[in-house]
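Undergrad: A structural model of the following input is requested.
(one chain, ligands or ions: 1)
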Amino acid sequence: MQIKYIGKDGDNSYLLCGEKTAAAECMKKENAEFHISRIKENLAGAELDYIILNSVSPYNAGTVSALTEQFKGAKIVASAAGIKNLREMLNRDFDYILAKDNDVLDLGGCSLLFKILPNLPWTDSMASYCPEEKTLFCGSIFNAENGYYEKYILPFSDYAQNASKRLSELEINAVLPAFGDKINDISPFLKLYGKPAERSDSAAVFYASLFGNTREMAETVCGVLNKRGIRTRLFDVYASGEAELKKAMDTCAGFAVGTNTVNRNADRKIWSLISSIDMISGKHKPYIIFGSCGWSGEGIYCAEKLLRSLGMRQSAKPAAARFTMSDTERAELCAAAEKLADDILNQLGGK
Ligand SMILES: Cc1cc2nc3c(=O)[nH]c(=O)nc-3n(C[C@H](O)[C@H](O)[C@H](O)COP(=O)(O)O)c2cc1C
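TA: Just a heads-up that it's a prediction; the model follows:
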């Protein structure tokens, strides 16, 4: 069997030629002409029998439509979720074979064994292993790009561990991804994916403050959490970079968000921080909201609505202060912070 590279510039596709032929992975839509001509050239008059999609992302499925027009007999092979997604992308019928876990597709002289490995990072992801060539077509599961694991895979760490375990059973000499460089040694990837995600035991308090009133509230929350034995970091959203804030948000066990009210709205950096929350790994995190206002005080309720709409777990109702904190407002804030501490500690206890 031959495996021919038919992609370009890291937008990868591979042609497998046994008695039957298959294109593994497609390319971005703008590469359709190129993709078709490379397949035709390499088939030298033979038919294309299968189009294997290990992940049905708009990029990876970009040339499917053109390919099925050109190679009328080609059947698409993807996971059940992949077929469903592709139907939504193409909005028309197409011939397909549903790849189920451990199914084998015989190409005559070589074969593909399918491993359904969802959520890495697409819901429909799978890998196709060619035992005769000891080669794994991995779609978007592995990528040699720096930071790929942290950015795309880490939120699905349970699925990554499962993939690592299942793929360790195979003898793999080469990994061919849908995008980026070929991976010659899969072992560091299997090691990385096999690592359980570290669960944080710390909290983060974020605030936006013009005159220091919300900052004072933030420091008060920090004090309560620290007293309860929860390591807590304080972030002025204007003094910290976006990446630093996102990392703190993604890695904390629970958090507090403080915003003042300016022109009947929450601070824009607080909106932005909330919109950066990774809801895959973050949906169980407890939080509270607090903030100083002058008269109408919409800021904290805007933040509350947004966090609630994400389905996050609010430990206590928002704590407000009119300008500087009164004793009563301080007591209410401390009570909310205590509830947050309870929820964080309960969650950690349930590790
Ligand atoms: C330009 C500007 C607009 C404001 N708009 C509102 C508002 O719409 N509603 C409100 O309750 N307070 C408003 N305030 C008052 C602030 O929310 C209040 O001073 C608060 O204590 C500021 O908290 P900070 O010191 O944490 O920034 C406004 C303040 C400024 C400077």
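
Undergrad: all contacts plus neighbour counts: C-alpha atoms, from now on.
TA: OK.

Undergrad: Please look at residue 135 and residue 177 and confirm they touch.
TA: No. In this structure, residue 135 is not within contact of residue 177 by CA atoms under 8 Å, at 10.7 Å.

Undergrad: partners of the longest strand along the chain, with directions?
TA: Among the segments of the chain that qualify as a strand by DSSP state E, the longest is strand 286-293. When pairing is defined by DSSP bridges, strand 286-293 lines up against strand 254-259 (parallel), strand 313-314 (parallel), strand 319-322 (parallel).

Undergrad: low-scoring stretches of the stretch 1-150 of the chain, by residue?
TA: Along the stretch 1-150 of the chain, segments meeting pLDDT under 70 are nowhere present.

Undergrad: circling back to that earlier point, tell me the most buried of the strands paired with strand 286-293?
TA: The highest mean neighbour count among these, using mean count of other CA atoms under 10 Å, belongs to strand 254-259: a mean of 28.

Undergrad: quick one on the thing from earlier: right, and the strands paired with strand 286-293 - which one's nearest residue 78?
TA: strand 313-314 (36.3 Å; CA to CA).

Undergrad: how far does the closest one sit from the chain's center?
TA: Taking CA atoms, centre = their mean, to the nearest Å, one finds the center of strand 313-314 at 22 Å from the center of the full chain.

Undergrad: Show residues contacting it.
TA: Applying CA atoms under 8 Å, 6 or more residues apart in numbering, the external contacts of strand 313-314 come out as 283, 284, 285, 286, 287, 288, 308.

Undergrad: neighbour-wise, which of the residues you listed leads?
TA: Most neighbours among those, by other CA atoms under 10 Å: residue 287, with 29 neighbours.

Undergrad: quick one: pLDDT of that one?
TA: Here the pLDDT value assigned to residue 287 is 98.

Undergrad: Which residues does it form beta bridges with?
TA: Beta bridges link residue 287 to residue 255, residue 314, judged by DSSP bridges.

Undergrad: isn't it right up against residue 315?
TA: Yes. The criterion here is CA under 8 Å, and residue 287 meets it with residue 315 at 5.7 Å.

Undergrad: who touches both of those two?
TA: residue 340.

Undergrad: Start and end of stretch 40-50, how far apart?
TA: Stretch 40-50 has an end-to-end distance of 14 Å (criterion: CA to CA, to the nearest Å).

Undergrad: Outside of it itself, list whatever touches it.
TA: 20, 21, 22, 23, 71, 73, 74, 75, 76, 77.

Undergrad: What is the neighbour count of residue 159?
TA: Using other CA under 10 Å, residue 159 has 19 other residues around it.

Undergrad: can you start the count at 41 instead of 1 from here on
TA: In the new count, where the first residue is 41, that last one comes out as residue 199.

Undergrad: helix/strand/coil for residue 245?
TA: Three-state assignment for residue 245 (DSSP: H, G, I helix; E, B strand; the rest coil): strand.

Undergrad: about what we covered before: write the PyMOL selection for whichever of the contacts of stretch 80-90 are buried.
TA: Of the contacts of stretch 80-90, the buried ones go into a single PyMOL selection, burial set by 16 or more other CA atoms under 10 Å:
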select buried, resi 60+61+62+63+111+114+115+116+117
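
Undergrad: Near the ligand, list only the ones from the contacts of stretch 80-90.
TA: Checked against the ligand using CA under 6 Å from any ligand atom, the contacts of stretch 80-90 give no members in range.

Undergrad: With secondary structure and distance to residue 96 as added columns, please give the contacts of stretch 80-90 in TSV.
TA: Listed next are those as TSV, based on DSSP: H, G, I helix; E, B strand; the rest coil; distance: CA to CA, whole Å:
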residue	secondary structure	distance to residue 96
60	coil	22
61	strand	20
62	strand	16
63	strand	14
111	coil	19
113	coil	20
114	coil	17
115	strand	15
116	strand	11
117	strand	10
